[in-house]
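**Q** Got a predicted structure plus its sequence, pasted below:
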Amino acid sequence: MDKYLQTLGMNEKWLGGDMNYPGGGFKVNLLKKAMEPYKDEEQTIVMFTDSYDVIFLADREEIVDNFKSTGANFLISAENFLWPDQSLESQYPDIKGKKYLCSGMMMGYASTFWAILNYKEIENTFDDQLFYTHVYLDPAFREKHKIQLDGTSKIFHNLHGAEREIDFGFGSKRVTNWEQGTLPQVLHGNGPTKISLNRFGNYHPHVFDPTNGYKGKCMICDEKEGTIDVEDTEKLPTILTAMFITERTPFLDYFINKTFSQNYPPEKWHIRIYNRVWDHADHIQELANYHVANGDKKFASFKLMQPKETISKKLPDLYQEGMMTCTELDCGFYFVMDSVITLTDDNVLKDLIHWNKSVITTQLTQPGQYWSNFWGDVSKDGFYKRAPDYFNLVKKERLGLWNVAFVNHLVAIRGDLIKQQKLSYVNTKYDDSNYDIGFNHNARKNNVFLYMVNLKEHGHLKRMENLTTHRTHNDLWQIFTNTLDWKMNYIHPSYDEYLTKKRPQFPQPCPDVYHFPLLSKKFSWHIIHELESIPGDIFAGSGQNDDKRLQGGYENVPTVDVHFTQINFQQEWIKVLRDYVAPIQRRVFEGYSFHGNALLSFVVKYHEKGQRELRPHHDHSTFTTNTALNRQGIDYDGGGSYFIRQNCLVRDVDIGWTLMHPGRLTHYHEGKEITRGTRYILVSFNDP
């Protein structure tokens, strides 16, 4: 290939001026120097294209055959816009298709090429397109050397002003200019069409075929060239992860814990936490102490910046500080991790490093929504613009590696790009809250590609609104806003296994008393701590027959308890019943379906110096759920549920495990006396 391919100007100082304005004569002079050895070759065909914004869609043989069929000695690409001298419009001859010259792509016989390059001498800062325009608009010279414009995109197609003419041509079909009825072979992302060109580059040539298989076929995803072998620990680069907590965050402990649990050698891993939220400061310090001071991993370095250090800094400056720390530490990769993310995989760091890309993220979306951490396109002012294939990607109908226009929240940045100062969060065009818009704008401006990979499920985005602030464990109330996170944190990790079981497979410690895992230990600890943290004693005053919390004001079999209505948790609990209890109920009590009602749901507190037991009774329910919230034999002794008719005692119930049994008529039962400590249970009378 080196015999046929030359890259001009590589590692040379650019002398052609600012290409946002007329200029670029340096390209002509570079080309003239490179062409001199071929100046007398009349049969040698030479093609010249711009280097960084061109995609080839056909092989050499097809392009050459197509060129010869035109009858031209020299062919130049065409476009709809006349630039840079509009006064020359009247001199352009009428041709089929586009009539104005674009100097980004051209080809012809070497001797003709040489004659054109010597049409006249030009300065390096003279405009290259204007030079070729003067050549083309010289009628005698044009006819003598058989110079043509490719107005119908027979070979060359310029995207600027002509994006909609192009059909992607997936599968066995070719990229087609449907307006001209041609099959372009070289695509040029001239002018403001670089993002569109990148999108074409996601599919062509032979990159991704969405017609191959259910999720399409990524033809490059299995290539090893250019990637990093992340299974070779010795070759893994030193990395820096920076966690940013810039707003009140639900399930913050999960975010921090999951980051620290990533599968990466700690001796090659620097960690920074930037916290701007005062309410989170103590909690973050506790988590940091747990993982760094008391943990088994010995990280290369760790530093926590609390609000007293971060609150006065603008967001772009804070993110810039984190990124530049990578240079100070000579790290190979830098990871930006915002607290809005929820990771579900322990190999995210390695998976992103594997691709060895300049800037890359994994696809994260809000569950059930199309809100994601990438954009396929941006508007002229740098904000979101829907790309034609955005929904295909965000819905994971197409799985692959994608060159996109914007990434945020979880971003891996290669360290050499930071050292070269090609990336920055500082951009005076955008306000401080749009620091990520500024970062992506700067990257695109400096021709740094931004990638998103969606081959593997790594996590999702949380919703940050509706987080209450006045409770001890505000995450308990997040079941409607962040349903998936609520499940991950508060539903028992073994719960899903029981959704596949049939009734005989469920533990049945007593006849028609079914046993299954419902709530996590974390839920149990949080709900107990939430109740015991309320000022005063929220349990005080309960345990009497007269109970104003009830509609009739009277409780026949009173317990020392807290009703969920007292802490505004009743609707949240009903959702738990409908989403997690009802599916189990239908499996064990066949022929009955939960109506979704529970007028009385409460936490009972048995204490050695208070209520120690509960006399025999029926429950006011069709079926009852009774969930253990703490540990028998550790937190208390004795206790248990005794079903009198069945002569059956259930005592050793693990935290978060639930007993489900009929409430009325058949399962007359009592709460056995505890002999030591405090016992907490969560009881719900369902379908009263």
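**A** Good, I have the coordinates.
**Q** Return the list of strands paired to the longest strand that the chain contains, each annotated with direction.
**A** For the chain, the strand with the greatest residue count under DSSP state E is strand 674-686. Strand 674-686 has the following sheet partners, assigned by DSSP bridges: strand 600-607 (antiparallel), strand 623-628 (antiparallel), strand 636-638 (antiparallel).
**Q** Would you confirm that residue 400 contacts residue 213?
**A** No - the pair residue 400 / residue 213 is not scored as a contact, 11.6 Å apart, by Cβ atoms under 8 Å. C-betas here are computed from N, CA, C, even on glycine.
**Q** avg pLDDT for stretch 402-411?
**A** The predicted model assigns stretch 402-411 a mean pLDDT of 98.
**Q** can you pull the contacts of residue 347?
**A** Residue 347 sits next to 262-263 when contact means Cβ atoms under 8 Å, 6 or more residues apart in numbering.
**Q** Next: the one 3 residues further on.
**A** Taking Cβ under 8 Å, 6+ apart as the criterion, residue 350 is in contact with 230, 236, 263-264.
**Q** What pLDDT is listed against the spatially most central residue of the chain?
**A** The residue lying closest to the centre of the chain (Cα atoms, centre = their mean) is residue 364, at 2.5 Å. Confidence at residue 364, expressed as pLDDT, is 98.
**Q** In this protein, where is pLDDT below threshold?
**A** Low-confidence regions of the chain, defined by pLDDT under 70, span residues 1-3.
**Q** Residue 400 and residue 213: which is more packed in?
**A** Higher neighbour count among residue 400 and residue 213: residue 400, with 22 against 9, using other Cβ atoms under 10 Å.
**Q** Spit out the contact partners of the nearest residue to the more buried one once chain neighbours are set aside.
**A** For residue 400, ignoring the flanking residues on the chain, the nearest one in space by Cβ to Cβ, 6 or more residues apart in numbering is residue 218 at 3.6 Å. By Cβ under 8 Å, 6+ apart, residue 218 lies in contact with 207-208, 399-401, 455.
**Q** if we can go back for a sec, now do the phi/psi pair for the residue nearest to the centre of the chain.
**A** The phi and psi values for residue 364, taken as degrees, to the nearest 10, are phi -130, psi 130.
**Q** and the gap between the closest residue to it other than its chain neighbours and residue 446?
**A** Once flanking residues are discounted, residue 364 sits nearest to residue 373: 4.6 Å by Cβ to Cβ, 6+ apart. Going from residue 373 to residue 446 by Cβ to Cβ, to the nearest Å gives 21 Å.
**Q** Who has more neighbours out of the two?
**A** Taking other Cβ under 10 Å, residue 373 and residue 446 do not tie; residue 373 has more neighbours (25 against 14).
**Q** Test my guess that that one contacts residue 410.
**A** Yes - the criterion here is Cβ under 8 Å, and residue 373 meets it with residue 410 at 6.4 Å.
**Q** which residues are in contact with both of those two?
**A** 341, 361, 364.
**Q** with those in mind, which one is nearest to residue 22?
**A** For the shared contacts of residue 373 and residue 410, the closest approach to residue 22 (Cβ to Cβ) belongs to residue 361, at 37.6 Å.
**Q** For that closest one, what are phi and psi?
**A** Per degrees, to the nearest 10, the backbone of residue 361 is at phi -130, psi 160.
**Q** for the one 10 residues further on, same thing?
**A** The phi/psi pair for residue 371 (degrees, to the nearest 10) reads phi -80, psi 120.
**Q** What's the local residue count around it?
**A** Neighbour tally, residue 371, other Cβ under 10 Å: 12.
**Q** for the closest residue to residue 668 other than its chain neighbours, what are its contacts?
**A** Closest residue to residue 668 apart from its sequence neighbours, by Cβ to Cβ, 6+ apart: residue 644 at 4.9 Å. Taking Cβ under 8 Å, 6+ apart as the criterion, residue 644 is in contact with 616, 668-670.
**Q** how much space is there between the residue of the chain positioned farthest from its centre and residue 273?
**A** The C-alpha centroid of the chain is most remote from residue 140, which lies 58.6 Å away (Cα atoms, centre = their mean). Going from residue 140 to residue 273 by Cβ to Cβ gives 72 Å.
**Q** for residue 323, same thing?
**A** Distance from residue 323 to residue 273, by Cβ to Cβ: 15 Å.
**Q** Those two: which is more packed in?
**A** residue 273 (25 against 22).
**Q** sec struct for that one, please.
**A** strand (DSSP: H, G, I helix; E, B strand; the rest coil).
**Q** Now residue 7. Nearest residue, chain neighbours left out?
**A** residue 51 (6.3 Å).
**Q** my guess is residue 446 contacts residue 423, does it?
**A** Yes - at 7.3 Å, residue 446 and residue 423 qualify as touching, with contact defined as Cβ under 8 Å.
**Q** which helices and strands sit right next to the host helix or strand of residue 102?
**A** Using DSSP states H and E, residue 102 sits in strand 100-109. Applying 3 or more Cβ pairs under 8 Å, 6 or more residues apart in numbering; DSSP states H and E, one finds that strand 100-109 contacts strand 45-49, strand 74-79, helix 128-136, strand 147-150, strand 156-158, strand 186-188.
**Q** Need the winner for burial among those.
**A** Among the helices and strands packed on strand 100-109, ranked by average contacts under mean count of other Cβ atoms under 10 Å, first place goes to strand 156-158 (a mean of 28).
**Q** who's in contact with that one?
**A** 75-79, 98, 102, 104-106, 150, 165-166, 177, 184-188, 190.
**Q** Sheet-wise, list the partners of it with their directions.
**A** By DSSP bridges, strand 156-158 pairs with strand 186-188 (parallel).
**Q** contact partners of the partner strand?
**A** 47, 49-50, 53-58, 63, 77, 102, 104-105, 155-159, 166, 175, 197, 200, 204.
**Q** Mark which of these are buried, thanks.
**A** For the contacts of strand 186-188, a burial check counting by 16 or more other Cβ atoms under 10 Å picks out 47, 49, 53-55, 57-58, 63, 77, 102, 104-105, 155-159, 166, 175, 197, 200, 204.
**Q** Look at residue 36 and give its secondary structure.
**A** Residue 36 is classified as helix under three-state DSSP.
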